[in-house]
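S.K.: Predicted model follows, preceded by the sequence.
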Amino acid sequence: MEHIVIIGNGISGVTAARHIRKLSNKKITIISAETDYFFSRTALMYIYMGHMKFEHTKPYEDWFWKKNNIELKNGYVKTIDTVSKTLQFAEGDNMPYDKLIIATGSKPNKFGWAGQDLNGVMGMYHKQDLDTLEKHAPNNKMCKRAVIVGGGLIGIELAEMLNSRNIPVTFLVRESSFWNGVLPENESQMINRHIKNHHIDLRLSTNLKEIISDENGKVKSIIIEETGEEIFCDVVGLTAGVSPNIDFLKNSNIETNRGVKVNRFLETNIPDVYAIGDCAEQHEGINQRKPIEAVWYTGRMMGETIAQTICGNRIQYNPGHWFNSAKFLDIEYQTYGWVFGNKAKPDYEQHFHWKHEDDTKCITVAYHKETNEFLGINTFGIRMRHETFNTWLTEKRDVNYVIEHLKEANFEPEFYKTFESDILSAYKNQLQIV
Amino acid sequence: MSNKLNHSMSLAKPEANDLSSKQKIAVFIGVVGLFILTLALLNINFPNKTLFLTLSLGCIAAGTVIFTNDLYLTKLEGIKNDGVWFKSISSKGVLGWVTGIVLTLFYIVLYFYPSLLGLGQKGESNTGLIALFDPLSQLLSGRPASQWFVYGTLYTLAILVFGYKFMLKYRHNKYQQLRTASVMFFQLAFAFLIPEFMYRLNSDLPYYDLKSIWPLNYYNFERYRINQFIDAGDIGLALLIFGVVSIFIITPILTYKYGKRWYCSWVCGCGGLAETVGDPFRQLSDKRQVAWKIERWVIHSVLVFVVLMTTAVIYSYLGKDSSKYWLTRDVFLGLVAGFLTLIFALTLIFKRKELGKDAIYGAIGYLVIIITLIGLHYFSSGSKLFLFKSETLRTTYAFLIGSIFSGVIGTGFYPIFGSRVWCRFGCPMAAVLGFQQRMFSKFRITTNGGQCISCGNCSTYCEMGIDVRAYAQKGENIVRSSCVGCGICSAVCPRGVLKLENDTMKGRINPTEILLGNDVDLMDFINNK
C-alpha cells in the first residue's frame, strides 16, 4: 500500500489528508512537532482572549483520525533523503515514504534587529508562541506594556489580544498608515482611527531600532529608529510578516527559493515530493496572486487540489477569483476580486469609495477605467455574499450593474439596517461631479 | 476536574474579579435585594410587605442594570466574550458549581416542599417568602400568592433584567435586540400578567399561559382543565380550541415559514430564560458527537412518552356511547393512530433520502410501539390503556419530565451543562418543531462560500451543542432539528460566514466537498459527482 507522508498538520496538510482518504485507501501519516492534533491557527488569539479553550479550536474530535485511518506522528523532521525516500527525525528515528507532501507553513519574520532573540520577544504564529505570550503577559501587572512591531493582520490581532487583558499596547507600523500596502488609503485611515479608539498607542511611519535587555536577558525596552525614543515594555511582538518555514530542507535536493519551488501541479523538482500551503512558492504568481500565498484559504485549496493529483487525477492548482477576510478589532473585512492599495494599483484601476458616517463601515469598489468592468470590492463592517461576487466576477459585470444590484450580495443578519440605497446615491452623485 | 478549577483560579490568568467601583456598588445594591428575600425565607415577618417587596425587587433590578451599564456602555460596540473561559462563574469554576447547586436545591424545594417557602397549609395564610409576595398577588389577581406566583415573579424579573443585559451586550445587533425584546414581552405579558388578569375577570378559568403549547404544556388536556374550560363558558371553550389549534395549525405554519426559532428563541418562556439568564453559560453545552446521539434518543423518547401519556389521559375520561358525544374512546384512539401513521408515511415517502439509518429505525420502532399499544386496547377493557393506569403515566411524567428534567436539571444545572439542557434533551415541543424544521421548513443557516476559517467560535457559543463549524468549514448550510435560531453563531463569527435565512426549500441542504474559491472545473467535477 502506498504510504503518503504529510509534514505539517495545518489546514493545508489536513485538507490534503482528508481528501486523499476520501479518494483512496492509501496509508496516510501526518507529522507535526507543534501539536498532536489539528487546530485552527487563526483561532489562537481567541484562546488568549478567553473566548475559547484550546480544545475548541480543534475542528475534529480526537477519534476522527483513527476512524478515518489517518496516522498522526508527533516529531520534528530534521532531514529528507529523497534518494532513499526517507525522513530522519530530530528524535533519531526514520520514516520511509512513497509520496511526500511538504506543508510546513510559515514562521514569523525577524529582520536582524538587535535583541530579537531576548526573553519576552515573540512572534504570534505557533501554538508555542501563545504559550510564551501567556507566560510573559498573563495580566497587566506582569506585563506593564507591550510593543508590537509590524502593522499587518497578525499585528492587529496581537494588539486586540493584549487589549483584552487591559495591557497597554504600543503598535509600531512602518507604513504611513495601517496596512496601506494592501488597503486603499481611505480604508486604511478608518482603521487607524478605530485602533486609536481602542486606546492602542498607534505609531505610524515608525521603525524599530533595537530591543534592550535587562540584566537577566529579558526585554526591558525598545528604541525607536526615527526619534531615538525609549519605550519600556515587558513583551515585544514581532509581527512583520511571515516567511516559509523550510530551514530543514536546506541540505536536501529539493529546490527552494524563499519557499519550496513548485510548478502548477504543486510538484517540486524531485518526483513524488510536493509542497502546498504557505511554504510553497510558485515559479510565477497566478492571476495577479503572489508566488507565495500565506493565506488560510489558499492552503485549503492547494490541499484539495494535491489530493486529486496524488490519487491519479493529475490537475493544476488553479485558484478561482481572489477572496480573503479579516477582522480589525470590531470591524469585519471581506474582499472579493482585486482592489489594490496605492502602491500596487495598476493604472487602469479606478475606485469608488463609500463610507458610513459612524466611521466603522465602508466599501471600495474597483473597476476598469476604460471598460467599466467590475474588478473587486473591499467591504468593512458590512457582510457580503461570496457566491454573488464570484458570479459577477466570472460574468465580468460592469461597475454600474454591481452597484445597482448590491442588495443581492447583502449577507448581513436579518433586521440590520441596509446601506445599498445610500451607496447607490453616493455613486450617482460622484458620477455627476466627474 | 481539579485541573479545570485551577484553570479559572490560577494567578497567572487575568484577574476574574476585576470590578470597577461602580460595579462594586451595583453588586452591593443587588445583594441587599437578595438579602431581603433571604430574610423572608428565614421567616422574618416584615412589617410593611409592600415596601420591602418593592425594595427587594427594585434593588435586584437596579443592581443588575447599573452593573450592566458600567460593563458594556463603557466599551465600544462589538463581541463581548473576553475572559469567558477565565471567569469562575462561566467556566465551571467554584462560583459556577455553587450557583448550580443553590439553583438545584431551590428547584427541589419549590417543586416538592413549598411549605418551606412559607406556603400556607390547609387554608392558613402564607408566611415567609411567599407571604412577602402576597401584596403583589393581591394587586394583580386579588388572591394570596402561591409558590408558583413567587416563582413566576422572580422568573419574569430575571428575564427582564438579564434581557436588558443581553440587549446591551449585543447593542450592535438588531436581530438579538428584537429577539430579546420579544421574549421579554411574551414572558411579562403572556406568562405573568394576562393569566392573573384572566383570573380576575373570570375565576373559573384555569391558569393558562397562551404561549405555552401542548406538548410543552403537557397538562393542558387533563380532565380537570377540560372541565374548567367547559364550565367557564364560551371563553373557556375558545381557549380549549385555541390550545388544539396552536399545535396543529399555527405551529406548523409558522415553523414552515421561519423555523422553530419563532417559538424557541422569540416566544417560549424556557427559551426566554435560557437566552437571558442563561446567556453566560451557553458555551458550556456539550459539542461532542456522542452528545448529539444521546440527544436524539432522549428527546424523541420524551415526545413518545408525552403522546402516550396524553392519549391515555384523554382516553380515560372519554365516554363509550357515540350517541352522547361523537368523540368516543374508540374514535379518539383511531384518530391518534391514524394521525401518527399519516405523519410517518408522509415522511418516509417524501423525505426518506434525508433520514439517517438510525432515524428510520427509531421512527419505525416508536410507531410499532404506539400502534401495538393502541391495538392492545381493543383486546382489553377497563381503565388501563397501554398496560398502565393513565393516572400512573400522568404522575410519572409530571414528576420525571415536568419537574425533574425541565426544572431541576434544565435550569438548576445551567452553570454546569449550559443553558439549553432541557430544550435540547428533553422538551417534547422542541422535538415536534425540530422535526418539522428538519423536514419541512424554509429556515436554514447559510454558509458564506469559502470564507470559514474553522476558528470554532460558532460551535463554542452554540447553546444547543451543534457543531456549527463542521458544516461551515464544508461550505454547507446548517439544517438541524435542534437549532433554535438564536443567531449567536452568526454574531460571534469573525469572518461573517453565517446568516440565518428563510428561503426556498430547494437546495436547502447542500453538501459540498470542494469549497467556493477553488478551480471551477474541480468544484463541478467533485461536487456534482
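M.R.: Great, that's in hand.
S.K.: Can you pull the phi and psi angles for the closest residue to residue A:73 other than its chain neighbours?
M.R.: Of all residues not flanking residue A:73 in the chain, residue A:31 sits nearest, at 4.8 Å (Cβ to Cβ, 6 or more residues apart in numbering or on different chains). Using the backbone N, CA and C atoms, a C-beta is placed for each residue, glycine as well. Note on residue A:31: its backbone torsions stand at phi -110, psi 140 [degrees, to the nearest 10].
S.K.: count of neighbours near residue A:31?
M.R.: 23 (other Cβ atoms under 10 Å in any protein chain shown).
S.K.: wouldn't it be in contact with residue A:5 here?
M.R.: Yes - here residue A:31 lies in contact with residue A:5, judged by Cβ atoms under 8 Å, at a distance of 6.7 Å.
S.K.: Give me the common contacts of the two.
M.R.: The contact sets of residue A:31 and residue A:5 overlap at A:87, A:95 (Cβ atoms under 8 Å, 6 or more residues apart in numbering or on different chains).
S.K.: what about the closest residue to residue B:174 other than its chain neighbours, neighbour count?
M.R.: Leaving aside its chain neighbours, residue B:174 sits nearest to residue A:415 (4.2 Å; criterion: Cβ to Cβ, 6+ apart). Applying other Cβ under 10 Å, we find 13 residues neighbouring residue A:415.
S.K.: One more: residue B:356?
M.R.: Neighbourhood size, residue B:356 [other Cβ under 10 Å]: 9.
S.K.: what bits of chain B have low per-residue confidence?
M.R.: Judged by pLDDT under 70, chain B has its weakly predicted residues at B:1-17, B:378-387, B:529.
S.K.: All the strands of it, residue numbers only.
M.R.: Here chain B has its strands, by DSSP state E, at B:384-385, B:388-389, B:443-447, B:498-502.
S.K.: Compile those into CSV and extend it with columns for mean neighbour count.
M.R.: Putting the strands of chain B into CSV (neighbours: other Cβ atoms under 10 Å in any protein chain shown) gives the following:
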stretch, mean neighbour count
strand B:384-385, 19
strand B:388-389, 15
strand B:443-447, 24
strand B:498-502, 21
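S.K.: Make TSV out of those strands and add distance to residue A:75.
M.R.: Output for the strands of chain B, formatted as TSV (distance: least, Cβ to Cβ, whole Å):
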stretch	distance to residue A:75
strand B:384-385	66
strand B:388-389	61
strand B:443-447	35
strand B:498-502	37
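S.K.: between those strands, which gets nearest to residue A:326?
M.R.: Nearest to residue A:326 among the strands of chain B is strand B:498-502 (16.9 Å), distances taken as Cβ to Cβ.
S.K.: By proximity to chain A, which residue of chain B wins?
M.R.: Residue of chain B nearest chain A, by Cβ to the nearest Cβ: residue B:449 (2.7 Å).
S.K.: contacting residues around that residue?
M.R.: By Cβ under 8 Å, 6+ apart, the residues touching residue B:449 are A:323, A:385, A:386, A:387, A:390, B:475, B:515, B:516, B:517.
S.K.: Farthest pair within those residues?
M.R.: Distances among the contacts of residue B:449 were taken as Cβ to Cβ; the most separated pair is A:385 and B:515, at 14.4 Å.
S.K.: Look at residue A:222 and tell me its secondary structure.
M.R.: Using DSSP: H, G, I helix; E, B strand; the rest coil, the structure places residue A:222 in strand.
S.K.: List the contacts of residue 188.
M.R.: Using chain A. A:177, A:178, A:179, A:180, A:341.
S.K.: try chain B instead
M.R.: Contacts here follow Cβ under 8 Å, 6+ apart; on that basis residue B:188 touches B:156, B:159, B:160.
S.K.: and which of those residues is nearest residue A:62?
M.R.: Taking Cβ to Cβ as the measure, residue A:62 lies nearest residue B:159 of those, at 38.5 Å.
S.K.: So the closest one sits against residue B:270, correct?
M.R.: No - taking contacts as Cβ under 8 Å, residue B:159 lies outside contact range of residue B:270: 10.6 Å.
S.K.: one step back: mind putting the contacts of residue B:188 in TSV, neighbour count included?
M.R.: What follows is the contacts of residue B:188, written out as TSV (neighbours: other Cβ under 10 Å):
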residue	neighbour count
B:156	20
B:159	27
B:160	21
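S.K.: So which of those residues belong to helices?
M.R.: Counted as lying in helices by DSSP state H, out of the contacts of residue B:188, are B:156, B:159, B:160.
S.K.: Could you count how many residues lie near residue A:305?
M.R.: For residue A:305, the count of nearby residues is 28 (other Cβ under 10 Å).
S.K.: low pLDDT regions in the stretch 51-200 of chain A?
M.R.: Within the stretch 51-200 of chain A, no stretch has pLDDT under 70.
S.K.: All the strands of it, residue numbers only.
M.R.: A:70-74, A:77-81, A:86-89, A:94-96, A:99-102, A:106-108, A:121-122, A:146-149, A:169-172 (DSSP state E, counting those that start in this stretch).
S.K.: buried stuff in the third one?
M.R.: Residues of strand A:86-89 classed as buried by neighbour count (16 or more other Cβ atoms under 10 Å in any protein chain shown): A:87, A:89.
S.K.: longest helix of chain B?
M.R.: Counting by DSSP H, the longest helix found in chain B is helix B:289-317.
S.K.: How about that one and chain A, any contact?
M.R.: Yes - on the criterion Cβ under 8 Å from any Cβ of the partner chain, helix B:289-317 is in touch with chain A at residue B:289.
S.K.: so what are the domain limits for chain A?
M.R.: Using automatic domain parsing, the domain parsing of chain A gives A:3-107+A:243-310, A:121-240, A:323-433.
S.K.: Distance from the chain centre to the longest one, please.
M.R.: Just to be clear, that refers to domain A:3-107+A:243-310. When C-alpha coordinates are averaged (Cα atoms, centre = their mean, to the nearest Å), domain A:3-107+A:243-310 and its chain have centres 16 Å apart.
S.K.: what's the answer for stretch B:77-88, then?
M.R.: In terms of Cα atoms, centre = their mean, the centre of stretch B:77-88 is found 24 Å from the chain centre.
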